[in-house]
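Colleague: Build me a structure from this.
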Amino acid sequence: QVQLEESGGGWVQAGDSLRLSCAATGNTIGRYAMAWYRQTPGKERDFVAVSIPPNGRISYADAVKGSFTISRDNAKNTVYLQMNSLTPDDTTVYYCQAHGRGVEDVYWGQGTQVTVSS
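Modeller: Here you go, the predicted structure:
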């Protein structure tokens with residue numbers, strides 16, 4: 001079992017930056033693929049970025065390539081999402097996910113709201 005708690009969301013203006021954090025408890029994140037998703041009410045949850053152990057291979061959604069950076073600190077049991085050059089289109093709730101080996105070994109945080117004004 002892994003419990004995830006996101007933080008760092010907020011209200012910013014277009015062009016600003018935010019860094020989201022996802023702190024894990026209950027298990028170490030070293031063996032988990034750690035990902036960020038985002039979801040607007042009424043729409044599907046969209047993939048944003050993932051960091052995959054053991055070598056930390058990283059993948060991004062096309063919409064955020066060059067603007068967002070995912071990183072992980074296994075010692076702090078935390079994953080981050082650095083978001084630069086934010087636009088109003090990035091306004092939504094961001095969720096952290098830990099994905100282990102099995103389909104049942106998937107955990108989500110409760111989300112953090114990001115609002116970008118023009």
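
Colleague: how about the strands of this protein, start to end?
Modeller: 3-7, 10-13, 18-25, 33-39, 46-52, 57-60, 68-73, 78-83, 92-99, 106-108, 112-117 (DSSP state E).

Colleague: Dump the ones you listed to a markdown table, plus mean neighbour count and mean pLDDT.
Modeller: All C-beta atoms are positioned from the backbone trio N, CA, C, and that covers glycine. As requested, these are exported to a markdown table (neighbours: other C-beta atoms under 10 Å; pLDDT from 0 to 100):
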| stretch | mean neighbour count | mean pLDDT |
| --- | --- | --- |
| strand 3-7 | 17 | 97 |
| strand 10-13 | 13 | 98 |
| strand 18-25 | 19 | 98 |
| strand 33-39 | 22 | 97 |
| strand 46-52 | 19 | 97 |
| strand 57-60 | 14 | 96 |
| strand 68-73 | 17 | 96 |
| strand 78-83 | 22 | 98 |
| strand 92-99 | 22 | 97 |
| strand 106-108 | 16 | 96 |
| strand 112-117 | 17 | 98 |
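
Colleague: can I assume residue 19 is in contact with residue 83?
Modeller: Yes: using C-beta atoms under 8 Å, residue 19 is in contact with residue 83, at 7.1 Å.

Colleague: Can you tell me how far residue 105 is from residue 87?
Modeller: The span separating residue 105 from residue 87 equals 34 Å under the rule C-beta to C-beta, to the nearest Å.

Colleague: And for residue 72?
Modeller: 25 Å.

Colleague: Now the most centrally placed residue in the chain: closest residue in space that isn't a chain neighbour?
Modeller: Centroid check for the chain by C-alpha atoms, centre = their mean gives residue 36 as the closest residue, at 2.6 Å. Once flanking residues are discounted, residue 36 sits nearest to residue 48: 4.2 Å by C-beta to C-beta, 6 or more residues apart in numbering.
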